[in-house]
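Q: Show me how the following folds:
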Amino acid sequence: MEQAQWKKIWVGSAGNMVEWFDWFVYASFAVYFADAFFPKGNDTANLMNTMGIFAVGFFMRPVGGWVLGRVGDRRGRKAALTLTVTLMSASAVLIAVAPTYAAAGYGGVAVLLLARMLQGLSVGGEYAASATYLTEASAPGSRGFASSFQYVSMTAGQLLGLGLQIVLQRTMSEAALHSWAWRIPFIVGALGAAVVFWLRRSMLETEVYAEDEGARSDPDRGTLKALWAHKREAFLVIALTMGGTVAYYTYTTYLTKYLSGSAGMSKPTASLVSFCALFLFMCLQPLAGRLSDRIGRRPLLITFAVGSTFLTVPIMTLLRHAGSFWPALGLSLLALVVVTGYTSINACVKAELFPTGIRALGVALPYAIANALFGGTAEYVALWFKNGGIESGYYWYVSGCAAVSLVVYLTMRETRTIDLHRVGAAAGDDSGTRVLAS
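A: You can find the predicted model right below:
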């Protein structure tokens, strides 16, 4: 692959790494800064309040998908990517300098809430902007490979956040972490966002977007009205995301809690299992993306859905009784290999569904809605089943979501060979650019 192509991949996906770093460190460091923003006395209540603010970010993601998707379609992919990283940097700076309850009362909470709203907007737009850019900037025969780096960078962000937490825990006292050291990861996140902003200012617009001059004068470009003309594809994005996002959150963000809370493993062992599994999962993404460029997207999506539908219950059941590091790692890897069939190519599949003038919004809004409904609620649903004494019910919930997506994968057409310049040239045209089987 040419050096210029690698640069596009790096610039297009680097923001995801910083986004997910910031997203992860808020959740993981909340135990240290929760008491700083609320009255002392009830640690559990303070943590719940802090995580309630965290949840606001998920509700802002559809808004970010709409606003920044519109920017991407009307102003260009570069403009959207630059704006997302600006919001990202601002949110990290706000958290890093937020005043404590002792200094400003609930003023610090207001700053924290504003920061999370900005971060939700940023994350909601970043996924679609980078997915669209990576897909459009790639040669037709390498779109799957290039777009797979979106999940490489997302996973790298989580790993960097986890690694920094481990370093700080080993080098800082508990008192320092609660007092001031919890601000360090947000300072790091702000600096990382500034670097990405500098990189993206020099990036080139994609040729697909630049050559779409005639459609750029369309007043409906990047609007909900234009998206409604492609409502079949929009609902398809929601349906094909449903199973994938539930499975992804189950085996990434929820895995450590499940291993320590349900399987009875120590927190350090559970964290190590999660770290090793995520690292290997990250390495798998480009391989699966390249495979999809050779055999198509549908075989990988169908493999994921079949595996997740029929293997989730046995894998989760065995994980609960794994007992030690190696069995837990083996089962976690098996699950993530299955999930790779979705994560490695879902970005390009969604981008390949829409014409240039509505591609960013078409990916952003339906994906953000599906992620908020299913991905963002995955841990809550899992804990709801556990608190109800029927934890195994969550395993069947994940399988059911995958089964719904399996129906979609079986009935959609292959998107690998779609010409991005011609897809959806006329709304309602079923002459070969549509992706739903008759």
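Q: which helices and strands sit right next to the helix or strand encompassing residue 317?
A: Using DSSP states H and E, the element containing residue 317 is helix 297-320. Other elements packing on helix 297-320 under the criterion 3 or more CB pairs under 8 Å, 6 or more residues apart in numbering; DSSP states H and E are helix 231-251, helix 255-261, helix 267-295, helix 325-343, helix 346-351, helix 392-411. Glycine gets a C-beta too; all of them are placed from N, C-alpha and C.
Q: swap the cut-off to 6 Å and go again
A: With contacts taken as 3 or more CB pairs under 6 Å, 6 or more residues apart in numbering; DSSP states H and E, helix 297-320 sits against helix 325-343, helix 392-411.
Q: and residue 339, how many residues sit next to it?
A: Using other CB atoms under 10 Å, residue 339 has 25 neighbouring residues.
Q: so it sits right up against residue 247, yeah?
A: Yes: at 5.0 Å, residue 339 counts as touching residue 247 under the criterion of CB atoms under 6 Å.
Q: The helix holding residue 317 to helix 231-251, inter-axis angle?
A: On the basis of axes from the mean of the first three to the mean of the last three CA atoms, to 10 degrees, helix 297-320 is oriented at 30 degrees to helix 231-251.
Q: contacting residues around helix 297-320?
A: Here helix 297-320 makes contact (CB atoms under 6 Å, 6 or more residues apart in numbering) with 243, 247, 262-263, 292, 331, 335, 338, 341-342, 345, 349, 395, 398-399, 402-403, 405-406, 409, 414-416.
Q: Same check on stretch 156-164?
A: Residues from elsewhere that reach stretch 156-164 (CB under 6 Å, 6+ apart): 17, 20, 21, 24, 25, 185, 275, 278.
Q: how distant is the helix holding residue 317 from the center of its chain?
A: 20 Å (CA atoms, centre = their mean, to the nearest Å).
Q: And for stretch 192-199?
A: Counting by CA atoms, centre = their mean, stretch 192-199 comes out at 19 Å from the chain centroid.
Q: list the buried ones in it?
A: Residues of stretch 192-199 classed as buried: 192, 193, 194, 196, 197, 199 (neighbour count, 16 or more other CB atoms under 10 Å).
Q: Against residue 11, how distant is the last one?
A: Between residue 199 and residue 11 the distance, using CB to CB, to the nearest Å, works out to 5 Å.
Q: Equivalent analysis for the fourth one, please.
A: For residue 196, the distance to residue 11 (CB to CB) stands at 8 Å.
Q: repeat for the first one
A: Using CB to CB, one gets 14 Å for the distance from residue 192 to residue 11.
Q: And the helix of greatest length in the chain, what does it pack against?
A: Longest helix of the chain, by residue count under DSSP state H: helix 3-37. Using 3+ CB pairs under 6 Å, 6+ apart, the elements in contact with helix 3-37 are helix 43-74, helix 77-97, helix 107-136, helix 149-171, helix 184-201.
Q: weakest of those helices in terms of mean pLDDT?
A: Ranked by mean pLDDT, these bottom out at helix 43-74, with a mean of 83.
Q: Report the buried residues of that helix.
A: Going by neighbour count (16+ other CB under 10 Å), the buried part of helix 43-74 is 46-47, 49-50, 53-54, 56-58, 60-74.
Q: when you compare where it runs with where helix 107-136 runs, what's the angle?
A: Computed with the same axes, to 10 degrees, the direction of helix 43-74 lies at 40 degrees from that of helix 107-136.
Q: Run the chain-centre distance for helix 43-74.
A: 13 Å.
Q: when you compare where it runs with where helix 77-97 runs, what's the angle?
A: 160 degrees.
Q: Helix 43-74 packs against which elements?
A: Helix 43-74 is packed against helix 3-37, helix 77-97, helix 107-136, helix 359-370, with contacts defined by 3+ CB pairs under 6 Å, 6+ apart.
Q: Looking at those, which is nearest to residue 267?
A: Among the helices and strands packed on helix 43-74, helix 3-37 comes nearest to residue 267, with 11.5 Å by CB to CB.
Q: Report the mean confidence score over the closest one.
A: For helix 3-37, mean pLDDT rounds to 83.
Q: Can you mark which positions in that helix are buried?
A: Applying 16+ other CB under 10 Å to helix 3-37 flags 8-9, 11-26, 28-37 as buried.
Q: Send me stretch 370-386 as CSV with only the CA atoms.
A: Extracted C-alpha coordinates of stretch 370-386, given in CSV (Å, rounded to 0.1, in the frame of the first residue of the first chain):
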residue,chain,number,x,y,z
ALA,A,370,-28.9,2.0,17.3
ASN,A,371,-25.9,2.5,19.5
ALA,A,372,-27.8,4.5,22.0
LEU,A,373,-30.6,2.0,22.1
PHE,A,374,-28.6,-1.2,22.2
GLY,A,375,-24.9,-0.6,22.7
GLY,A,376,-25.3,2.1,25.4
THR,A,377,-27.8,0.1,27.3
ALA,A,378,-26.0,-3.3,27.2
GLU,A,379,-24.4,-3.1,30.6
TYR,A,380,-27.6,-1.8,32.2
VAL,A,381,-29.6,-4.7,30.7
ALA,A,382,-27.0,-7.2,31.8
LEU,A,383,-27.1,-5.8,35.4
TRP,A,384,-30.9,-5.7,35.3
PHE,A,385,-31.0,-9.4,34.5
LYS,A,386,-28.4,-10.1,37.2
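Q: So what touches it?
A: The contact list for stretch 370-386 (CB under 6 Å, 6+ apart) reads 58, 61-62, 238, 241-242, 245-246, 249-250, 254, 391, 393-394.
Q: Try it again at 8 Å.
A: Stretch 370-386 is contacted by residues 55, 58-59, 61-62, 237-239, 241-242, 245-246, 248-250, 253-254, 257-258, 261-262, 391-394, 397, 401 when judged by CB atoms under 8 Å, 6 or more residues apart in numbering.
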